[in-house]
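Engineer: give me the fold of what follows.
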Amino acid sequence: MTQFQSIGRLLVSAVTGILIGLGTYACGDSASISEEPPVTLSSLTVTPPGTLQPVFSSAITGYVATVSTTTTSVVVTASPENSSTTMTIDGKSANAGQGITVPLDPPPSTKNIPVRLTDQSGAQTTYVVTVTRPASSNNDLRNLTVSPGPLDPVFQADTTRYTVNVGSSLPSIRVTATLQDTSSTLTVDGQGTTSGQARIINLGDPGSSRDITLIVTAPNGTQKIYTVTVIKAALGGNNNLQRLSVSPGPLSPSFSASRTSYTVDVGGRVDSISVTAAPQDTSASLAIEGQTTRSRSITLPPGPSSTEVEVVVTAPNGVPKIYFVTVNRAALSADNNLEALSVSPGPLDPAFSAGTTQYTVEVATSVTNVDVTATKSDPNAVISGDVPNGGQADIPLDGPGTSKVVRITVAAPNGDVKTYNITVNRAASANNNLSALTVSSGILAPPFAPGTLTYAVNVGSGIDNVTVSVTKSDPNAVMSALGSVIAAAGVGTGQVTVPVGLGGSAEVLITVNAQDGSPRTYRILLSRPFR
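Structural biologist: Residues are numbered from 1 along each chain as shown. Below is the predicted model of the structure:
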């Protein structure tokens with residue numbers, strides 16, 4: 001290669017690159033790159049899809065974005081480099097960072113969205129975002145029905161092959177299909193068909209099979225083919241079921257004439273089921289568990305158990321077909337737990353837990369009753385004991401200083417029992433007051449008051465003995481004087497007799513010990529003058 005040839009090739013390559021760049025800028029379907037525009041953006045976004053091609057640069061003024069066919073609008077957001085620059089997006093005035101919603105045309109379509117900048121000197125730059133909304137690729141059916149039916153399996157948009165069994169005498173079948181995207185086109189057995197339009201398809205002789213083809217063509221040209229195979233029974237030979245149901249149910253899997261085995265799961269409290277069936281051919285005979293009937297109640301053994309129910313369809317030509325339903329009955333629940341337990345006033349000690357059965361509650365001496373609320377974990381369990389099955393009870397307490405055990409028994413549906421115990425401790429009384437104090441001779445000074453602890457009494461010279469009578473405020477307190485108990489717990493009153501000599505005095509101390517043991521002493525000073 002000569003030196004001149006090398007220089008020539010370099011010139012051709014350079015010119016080609018310049019032409020390609022100019023062509024790209026002119027077409028606007030790729031990045032437009034030139035010298036730095038006179039007025040620039042600092043950011044540009046489009047949502048959806050959120051990604052521009054190429055990645056944003058202030059020096060690039062042309063971008064493309066592709067959205068889904070279902071997208072009807074996009075939001076364009078931009079910010080100028082200079083805060084004094086004015087901006088319009090798709091002809092609408094916009095502030096920096098303000099999103100402008102731009103509607104798109106129906107698919108397939110392309111829309112150029114200009115973002116025009118103008119600075120204070122009047123210089124302008126226009127960025128362009130080209131948004132493409134492609135044609136829909138949705139070639140799915142929304143629904144497909146055949147009459148008489150049913151389809152096997154049950155219709156789903158992604159399932160393209162189905163079977164229908166019909167009687168030997170049926171001359172035709174009705175097929176109705178609806179489109180997910182009504183812009184798609186549909187043919188049924190070669191006939192152009194609108195969404196939801198029923199087509200009558202003629203069938204062949206008894207014992208024949210007929211494929212019905214449905215073709216869905218999406219707006220973008222892609223196709224999906226659904227096939228329905230209609231099997232026509234031989235003369236006198238239709239031993240299919242038209243329907244089969246169990247209550248309570250449901251069947252698993254869903255009923256299909258060609259499927260002969262099913263299961264049904266029921267709870268432990270279900271002791272019977274009802275089986276209902278009907279043949280496709282009304283001339284066929286039907287027996288459920290050996291009994292000629294179309295509906296029968298079947299008793300189930302206790303759970304856990306499995307019971308097989310046999311449904312026999314016999315075609316007019318005598319050929320039988322057997323369907324099996326296996327009914328699985330669960331064991332009765334062994335849940336004998338409480339889900340919640342509370343006492344008011346409370347709280348429980350320890351805090352409630354389903355596995356903890358022993359609790360204590362401390363209440364004040366003034367509390368005469370508590371409210372107990374219990375909630376079963378299994379609604380079918382039974383609560384008994386001091387709380388009824390409803391779960392709420394008002395429990396009266398005994399006197400101060402006593403304890404009462406509240407018992408809650410929970411019986412699970414299977415008979416297992418658990419008992420929760422709540423010991424309610426009512427605090428002992430701290431009342432160590434007297435409610436009355438009298439003397440057989442003389443007058444108390446000052447007059448009696450429960451809070452006054454010291455008194456003086458002057459008696460006549462002819463009085464040798466004085467009897468002091470007292471009454472406790474709380475009968476459960478214990479009262480003593482002169483070293484002896486004068487009123488035990490449960491006895492409300494007591495008295496003590498004190499001798500008084502001439503010209504002498506005597507002191508009487510009466511101590512009241514409250515139920516909780518706290519003491520209080522009253523002092524009476526007796527004085528007798530000389531004659």
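
Engineer: switch to C-alpha atoms for all contacts and neighbour counts from now on
Structural biologist: Noted.

Engineer: ok, residue 169 - how many residues close by?
Structural biologist: A count of nearby residues for residue 169, using other C-alpha atoms under 10 Å, gives 15.

Engineer: how close does it get to residue 204?
Structural biologist: 10 Å (C-alpha to C-alpha, to the nearest Å).

Engineer: can you give me the pLDDT of the residue lying closest to residue 207 once chain neighbours are set aside?
Structural biologist: Using C-alpha to C-alpha, 6 or more residues apart in numbering and skipping the chain neighbours, the partner closest in space to residue 207 is residue 234 (3.9 Å). Per-residue pLDDT puts residue 234 at 82.

Engineer: try residue 182
Structural biologist: 93.

Engineer: checking the residue nearest to it when sequence neighbours are not counted next. Helix, strand or coil?
Structural biologist: Among residues not flanking residue 182 along the chain, residue 195 sits closest, at 6.7 Å (C-alpha to C-alpha, 6+ apart). Here residue 195 takes the coil state, with states given by DSSP: H, G, I helix; E, B strand; the rest coil.

Engineer: if I read this right, residue 195 contacts residue 178, doesn't it?
Structural biologist: Yes: the pair residue 195 / residue 178 is scored as a contact, 4.4 Å apart, by C-alpha atoms under 8 Å.

Engineer: any weak-confidence spans in the stretch 401-531 of the chain?
Structural biologist: Within the stretch 401-531 of the chain, the ranges that satisfy pLDDT under 70 run 531.

Engineer: so what's the residue nearest to residue 182 up against?
Structural biologist: 177-179, 182, 186 (C-alpha atoms under 8 Å, 6 or more residues apart in numbering).

Engineer: list the contacts for the residue nearest to residue 207?
Structural biologist: 167-168, 206-208.

Engineer: can you give me the helices in the stretch 1-150 of the chain?
Structural biologist: Under the criterion DSSP state H, counting those that start in this stretch, the stretch 1-150 of the chain contains helices at 3-27.

Engineer: where does it dip in pLDDT?
Structural biologist: For the stretch 1-150 of the chain (pLDDT under 70), the answer is 1-35.

Engineer: what ranges does it have for its strands?
Structural biologist: Assigned by DSSP state E, counting those that start in this stretch, the stretch 1-150 of the chain shows strands spanning 41-47, 62-66, 73-80, 86-89, 92-93, 99-103, 109-118, 124-133, 141-147.

Engineer: can you put the contacts of residue 195 in TSV and add neighbour count, secondary structure and distance to residue 160?
Structural biologist: Output for these, formatted as TSV (neighbours: other C-alpha atoms under 10 Å; DSSP: H, G, I helix; E, B strand; the rest coil; distance: C-alpha to C-alpha, whole Å):
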residue	neighbour count	secondary structure	distance to residue 160
177	22	strand	13
178	19	strand	14
179	22	strand	14
182	17	coil	19
186	26	strand	14
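
Engineer: quick check, nearest of these to residue 49?
Structural biologist: Minimum distance to residue 49 across these is 24.6 Å, recorded for residue 182 (C-alpha to C-alpha).

Engineer: phi and psi next, for the closest one.
Structural biologist: phi -70, psi -10 (degrees, to the nearest 10).

Engineer: now do the one 5 residues further on
Structural biologist: Backbone dihedrals for residue 187, given as degrees, to the nearest 10, come out at phi -120, psi 140.

Engineer: hang on, the earlier thing: how about the strands of the stretch 1-150 of the chain, which one is nearest residue 481?
Structural biologist: strand 99-103 (94.8 Å).

Engineer: and the closest one, what does it pack onto?
Structural biologist: Using 3 or more C-alpha pairs under 8 Å, 6 or more residues apart in numbering; DSSP states H and E as the contact test, the elements touching strand 99-103 are strand 73-80.

Engineer: contacting residues around the strand it packs on?
Structural biologist: Here strand 73-80 has contacts from 39-48, 87, 89, 95-104, 117, using C-alpha under 8 Å, 6+ apart.

Engineer: which among those residues end up buried?
Structural biologist: 39-41, 44-47, 87, 89, 95-96, 99-102, 104, 117 (16 or more other C-alpha atoms under 10 Å).

Engineer: isn't residue 262 up against residue 322?
Structural biologist: No: the pair residue 262 / residue 322 is not scored as a contact, 11.7 Å apart, by C-alpha under 8 Å.

Engineer: hey, C-alpha coordinates of stretch 386-400 in CSV?
Structural biologist: C-alpha atoms of stretch 386-400 as CSV (Å, rounded to 0.1, in the frame of the first residue of the first chain):
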residue,chain,number,x,y,z
ASP,A,386,-66.4,-20.8,86.9
VAL,A,387,-66.6,-19.1,83.5
PRO,A,388,-69.4,-20.1,81.1
ASN,A,389,-68.8,-21.0,77.4
GLY,A,390,-69.5,-17.4,76.4
GLY,A,391,-66.1,-16.6,78.0
GLN,A,392,-67.2,-13.9,80.5
ALA,A,393,-68.0,-14.0,84.2
ASP,A,394,-68.4,-11.7,87.2
ILE,A,395,-66.8,-13.5,90.1
PRO,A,396,-67.7,-12.4,93.7
LEU,A,397,-64.8,-12.5,96.2
ASP,A,398,-64.8,-13.5,99.8
GLY,A,399,-63.9,-11.1,102.6
PRO,A,400,-60.7,-9.0,102.9
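
Engineer: tell me the phi and psi of residue 451?
Structural biologist: Dihedral angles (degrees, to the nearest 10) for residue 451: phi -90, psi -10.

Engineer: what of the one 4 residues further on?
Structural biologist: The main-chain torsion angles of residue 455 are listed as degrees, to the nearest 10 and equal phi -140, psi 160.

Engineer: quickly list what the closest residue in space to residue 87 that isn't next to it in sequence is bridged to.
Structural biologist: The shortest distance from residue 87 to any non-neighbouring residue, by C-alpha to C-alpha, 6+ apart, is to residue 117 (4.7 Å). Note on residue 117: beta-bridge partners by DSSP bridges are residue 87, residue 125.

Engineer: I'd say residue 117 and residue 39 touch.
Structural biologist: Yes: the pair residue 117 / residue 39 is scored as a contact, 6.4 Å apart, by C-alpha under 8 Å.

Engineer: contact partners for the closest residue to residue 436 other than its chain neighbours?
Structural biologist: For residue 436, ignoring the flanking residues on the chain, the nearest one in space by C-alpha to C-alpha, 6+ apart is residue 471 at 5.0 Å. Contact partners of residue 471, counting by C-alpha under 8 Å, 6+ apart, are 434-437, 492-494.

Engineer: just put those residues in JSON lines and tack on distance to residue 273 and secondary structure.
Structural biologist: Formatted as JSON lines, the contacts of residue 471 follow (distance: C-alpha to C-alpha, whole Å; DSSP: H, G, I helix; E, B strand; the rest coil):
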{"residue": "434", "distance to residue 273": "75", "secondary structure": "strand"}
{"residue": "435", "distance to residue 273": "74", "secondary structure": "strand"}
{"residue": "436", "distance to residue 273": "77", "secondary structure": "strand"}
{"residue": "437", "distance to residue 273": "81", "secondary structure": "strand"}
{"residue": "492", "distance to residue 273": "70", "secondary structure": "coil"}
{"residue": "493", "distance to residue 273": "74", "secondary structure": "strand"}
{"residue": "494", "distance to residue 273": "77", "secondary structure": "strand"}
